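*Asks:* The following block contains a protein sequence and its predicted model.
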Amino acid sequence: MAQLSIRPDIARANELKVLDMELGDRLLRYIATRYSEQWLRDAFALYLDRENEQVPDRDMPLAIPWILFSMPASTKGRTLAAQWARTHGKELTPDKRLLLDAYANSWLSIWEVAEVERGVGVALVDQLSREKRFVLDVAASNTLEPFDMMLAFVLDCDGVSFFGGVHGQPLRPRDAAFVVREARRICRVRTRPVSLDRLRDSEIQLAIISLWNFVIDKVIARPVPSLTNTDGDPFVLTTDDFELLAGRDDVAKAIASIEGVQESESEGEDFVFPVIKSGNAQHRSWDNTLIGRIILTTRRLRIETNSARRADELRARVETRLARSVRFRLRTEANTKQMLETARAAAESGQKPHRDSSSPEEIAAMREFRERYMTAWLDDEIPALGGLTPRAAARSPRSRAALETLLKELDQSEARLPAAERIDVSRLRNELGMTPL
């Protein structure tokens, strides 16, 4: 970090950002002395496109710069910053003039994070104008991930770039794709780059802001998805607990004779019996499906499955075969909805999921299983692709963009995992003939 602090570009960016904060404070004092409180309330209402509503905290880092540097504040269309500069020219140091010029030349757009350099900044690609910038921002580099989408003003000032205003809530690629598509429609541009003059138009900016907040509200209100296993059963982590009434070795022999039970594996002092069935209802290429596990300890027998139906079927097999050797005690079901809500909250706050320690062998086995799953995914019919398989979508110009969005989100989810657990998304891209990123 000491080496970073002496880099001229980082030092210059930090110096300008401090001055930017001072300039913002000065302009807010100018509003307080020159304009009424109602003027500021009206400005916030214009930003929100709603009367008598408080601006959410997530909007403030964008709303205030928009009001100061982009909103027309006079009948001649001058911004508030331009108005202040005309009457307070003597207060303008060379660096303040640089900042005002940078704001005047900036534009509001949807920026995709292309690369992150931790502790330094992020490389961005404007999804509308296709301009590229490397933004020097330590905080952003520690929270953003590749393919996050940002609604922001980027300032180019004295050879460095940094955020001049940024919406506090990024979007994932699939949600931002709607905003990009609608923003292009508003700008009357289908495929070519949107001109910077259009993106400097305050009315177009307000339309994009409104779209962004519309999607965020939809994401927040979106119900937790209903998960199912590959048989289509509601996903419920279910454990049936039994007490042993016979010797463990005798019980182990009886378990081994149950239909679908595989050779046991050792986990410490416990015996673990995987239970499978032939084929898979969802993935035609799979030879079999793991439907549960039977864990035999010194005093207990547990059946672990991921649905109530599988739990009932497996429990019936165990009780039929081990009628006099075990006694049922209780069933527990994990609150899957609560688990999903907790995971969503952690993801939105940028927290990394807590992971239990696993052996290298277990990690490798899980990665291999996920690799098999994603290989089968290439030939699955995907609702988000209009019912096409990824292979078919890759051959269709109309569906290729939606497939690219799915692959970006897969890249994001893999990046959150430890390196040893990640699957190789580039291999999937090669299989599909999609350009590696």
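*Replies:* That came through, no problem.

*Asks:* Would you map the strands across this structure?
*Replies:* In the chain, the strands defined using DSSP state E lie at 108-117, 121-126, 132-136, 149-157, 160-166, 238-244, 265-267, 270-278, 288-296, 300-305, 326-333.

*Asks:* which residues touch the nearest residue to A81 once chain neighbours are set aside?
*Replies:* Spatially, and ignoring its direct neighbours in sequence, A81 is nearest to F69 (4.9 Å; CB to CB, 6 or more residues apart in numbering). Every residue, glycine included, has its C-beta placed from N, CA and C. With contact set as CB atoms under 8 Å, 6 or more residues apart in numbering, F69 has these partners: 79-81, 103-104, 106, 153, 164-165.

*Asks:* now do G168
*Replies:* Per CB under 8 Å, 6+ apart, neighbours of G168: 57-62.

*Asks:* Let's see that with 6 Å instead.
*Replies:* 58, 61 (CB atoms under 6 Å, 6 or more residues apart in numbering).

*Asks:* Check it and give its pLDDT.
*Replies:* Model confidence at G168, expressed as pLDDT, equals 93.

*Asks:* going forward can the numbers begin at 17, since that is how I track them
*Replies:* Happy to do that; since the first residue is 17 now, the last one works out to G184.

*Asks:* Over to it: give its phi and psi.
*Replies:* Backbone torsions for G184, taken as degrees, to the nearest 10, come to phi -70, psi -10.

*Asks:* For R190, see how far away it is.
*Replies:* 20 Å (CB to CB, to the nearest Å).

*Asks:* next one: A339
*Replies:* From A339 over to R190 (counting by CB to CB), the distance is 51 Å.

*Asks:* When these two are compared, which one has more neighbours?
*Replies:* For the pair A339 and R190, the greater number of neighbours falls to R190 (15 against 11), based on other CB atoms under 10 Å.

*Asks:* which ones are touching the more buried one?
*Replies:* So R190 contacts T421 (CB under 6 Å, 6+ apart).

*Asks:* if we look at stretch 87-99, which residues are touching it?
*Replies:* Counting by CB under 6 Å, 6+ apart, 84-85, 116, 218 sit against stretch 87-99.

*Asks:* Please check those residues and keep the buried ones.
*Replies:* If you count burial by 16 or more other CB atoms under 10 Å, the buried members of the contacts of stretch 87-99 come out as 84-85, 116.

*Asks:* Out of those, which is nearest to R407?
*Replies:* Of all the buried ones among the contacts of stretch 87-99, F85 has the smallest distance to R407: 47.8 Å, by CB to CB.

*Asks:* Check the spacing between that closest one and I202 real quick.
*Replies:* With CB to CB as the criterion, F85 and I202 are 21 Å apart.

*Asks:* and F163, how many residues sit next to it?
*Replies:* Counted with other CB under 10 Å, F163 comes out at 21.

*Asks:* Check the one 4 residues further on too.
*Replies:* By the measure other CB under 10 Å, the count of residues near L167 is 27.

*Asks:* out of everything not next to it in sequence, what's closest to it?
*Replies:* Nearest to L167 is H183, by CB to CB, 6+ apart, at 4.0 Å.

*Asks:* Residues in a beta bridge with the nearest residue to P81 once chain neighbours are set aside, which ones?
*Replies:* What sits nearest to P81 in space, not counting adjacent residues and going by CB to CB, 6+ apart, is G181, at 3.1 Å. G181 forms beta bridges with F169, as assigned by DSSP bridges.

*Asks:* what residues are up against G181?
*Replies:* So G181 contacts 78, 81, 169 (CB under 6 Å, 6+ apart).

*Asks:* what about E38, distance to L32?
*Replies:* 11 Å.

*Asks:* Compare those two and say which one has the larger neighbour count.
*Replies:* Ranked by neighbour count (other CB under 10 Å), E38 and L32 place L32 first, with 21 against 12.

*Asks:* among the contacts of G181, who's most crowded?
*Replies:* L78 (27 neighbours).

*Asks:* so what's it up against?
*Replies:* So L78 contacts 181, 183 (CB under 6 Å, 6+ apart).

*Asks:* one more time with 10 Å, if that's ok
*Replies:* By CB atoms under 10 Å, 6 or more residues apart in numbering, the contact list for L78 reads 63, 71, 86, 124, 166-169, 179-185, 221, 225, 228.

*Asks:* Next: E335.
*Replies:* Counted by CB under 10 Å, 6+ apart, E335 has contacts 256, 258, 341-344.

*Asks:* Pick out whichever of these sits closest to T207.
*Replies:* Distances from T207 to those, taken by CB to CB, are shortest for D256, at 57.0 Å.

*Asks:* low-scoring stretches of the stretch 267-416 of the chain, by residue?
*Replies:* Within the stretch 267-416 of the chain, the stretches with pLDDT under 70 are 301, 351-375, 377-378, 381-382, 385, 389.

*Asks:* And the helices in it?
*Replies:* Per DSSP state H, counting those that start in this stretch, the stretch 267-416 of the chain carries helices over the ranges 324-337, 352-364, 376-393, 406-410, 413-431.

*Asks:* residue ranges with poor pLDDT in the stretch 17-166 of the chain?
*Replies:* If you take pLDDT under 70 as the line, the stretch 17-166 of the chain has these spans: 17-22.
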